[in-house]
Structures are given as C-alpha cells and as structure tokens.
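Visitor: Structure of the sequence below:
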Amino acid sequence: MNYWLIKSEPEKYSWDEFVADGRTFWDGVRNYAARNNLRDMREGDLAFFYHSNEGKEIVGIAKVVKEAYQDPTTDDTNWVVVEFSPVEKLKTPVTLAQIKADENLKDIQLVRLSRLSVASIKPKEFDYILQLGSN
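Guide: Sure, this is the predicted structure:
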C-alpha cells in the first residue's frame, strides 16, 4: 500500500463537503509531478486530506476507490483524475506549523515541495501523523 496527501482549499471543496458527497474524483491537477502521483495511486491506497490556504492542516483520511483515468473536465489527454471516498476525520487536525516544527517530519513532501497539490507520504510519516491526529 502507498500513502499520499491531497490538498484542497476548504472554500472550494472542504472535508465536510467530501464526507457529504461520499465519493469524488480529484480533478484540476495541472502539475506534471502531481499528475504522476495520481497515476501511481492504486485502489486501496490511503491519502491525507489537507486543507490548504485556509486552515493549513490535515483533517482526514481518504481512500482511493478508482485508479487514474482521463480528467473529464478537459480534452487534454495529459491530465487524469482519481476517485476517493472518505475514511475518517482525524480527532485532532495536524497543522502545517506542527509538521514543520517536528523533526520526525523534516523530509515530508508537504514541506519540501510545498506547492505540490498531490504528494507522496512515506509509511512512517503516515503512521506518525496518524498518531498526532489521534490525540
């Protein structure tokens, strides 16, 4: 299993909207590195749902329920979407400030490649953040 982080501005699409929808496809990715991460996702992989710009915190866990296919919002075949469903909300959101201050997360892509909207997460980082979010 692989682990990921997907970013969304809460004013555009929040965790609560995601939960209400029950399932969504992740569209609008127009960065090749982020697109490649979408292509690498497999059904059953888990992803942190991160509120960007406003909040700047990991708020929940999503699961890949359908692997990459052509983005229906564009005719450009370079772009793909992946479908997710919500798994659970973190008991305590894990903020970007916490992540940046934590030596255990110094190499996380969220910090190193901060503009990347779809990032990979190492298993040890995923487990550690889960621990932080369960307090």
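Visitor: Check whether residue 53 sits in a helix, strand or coil.
Guide: With DSSP: H, G, I helix; E, B strand; the rest coil as the basis, residue 53 sits in coil.
Visitor: before we move on, what about the one 10 residues further on?
Guide: Look at residue 63: counting by three-state DSSP, its state is strand.
Visitor: so it makes contact with residue 87?
Guide: Yes - applying C-beta atoms under 8 Å, one finds residue 63 in contact with residue 87, separated by 5.0 Å. All C-beta spots, glycine's among them, are computed from the backbone N, C-alpha and C.
Visitor: Which elements pack onto the lowest-mean-pLDDT helix or strand in the chain?
Guide: Across the helices and strands of the chain, the lowest-confidence element by mean pLDDT, DSSP states H and E is helix 109-112, at a mean of 94. With contacts taken as 3 or more C-beta pairs under 8 Å, 6 or more residues apart in numbering; DSSP states H and E, helix 109-112 sits against helix 96-101, strand 118-121.
Visitor: Send over stretch 28-46 as PDB, restricted to the C-alpha atoms.
Guide: Below are the C-alpha coordinates for stretch 28-46, written out as PDB (Å, rounded to 0.1, in the frame of the first residue of the first chain):
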ATOM      1  CA  GLY A  28      -8.000  20.100 -11.800                       C
ATOM      2  CA  VAL A  29      -4.400  18.800 -11.300                       C
ATOM      3  CA  ARG A  30      -2.200  20.700 -13.800                       C
ATOM      4  CA  ASN A  31       1.200  19.900 -12.500                       C
ATOM      5  CA  TYR A  32       3.100  17.000 -14.000                       C
ATOM      6  CA  ALA A  33       4.700  15.800 -10.700                       C
ATOM      7  CA  ALA A  34       1.200  15.800  -9.100                       C
ATOM      8  CA  ARG A  35      -0.300  14.100 -12.100                       C
ATOM      9  CA  ASN A  36       2.400  11.400 -11.900                       C
ATOM     10  CA  ASN A  37       1.500  10.800  -8.300                       C
ATOM     11  CA  LEU A  38      -2.200  10.400  -9.300                       C
ATOM     12  CA  ARG A  39      -1.100   7.900 -12.000                       C
ATOM     13  CA  ASP A  40       0.800   5.900  -9.300                       C
ATOM     14  CA  MET A  41      -2.100   5.600  -7.000                       C
ATOM     15  CA  ARG A  42      -3.700   2.200  -6.600                       C
ATOM     16  CA  GLU A  43      -7.100   1.200  -5.300                       C
ATOM     17  CA  GLY A  44      -7.000   0.900  -1.600                       C
ATOM     18  CA  ASP A  45      -4.200   3.400  -1.100                       C
ATOM     19  CA  LEU A  46      -4.800   6.000   1.600                       C
END
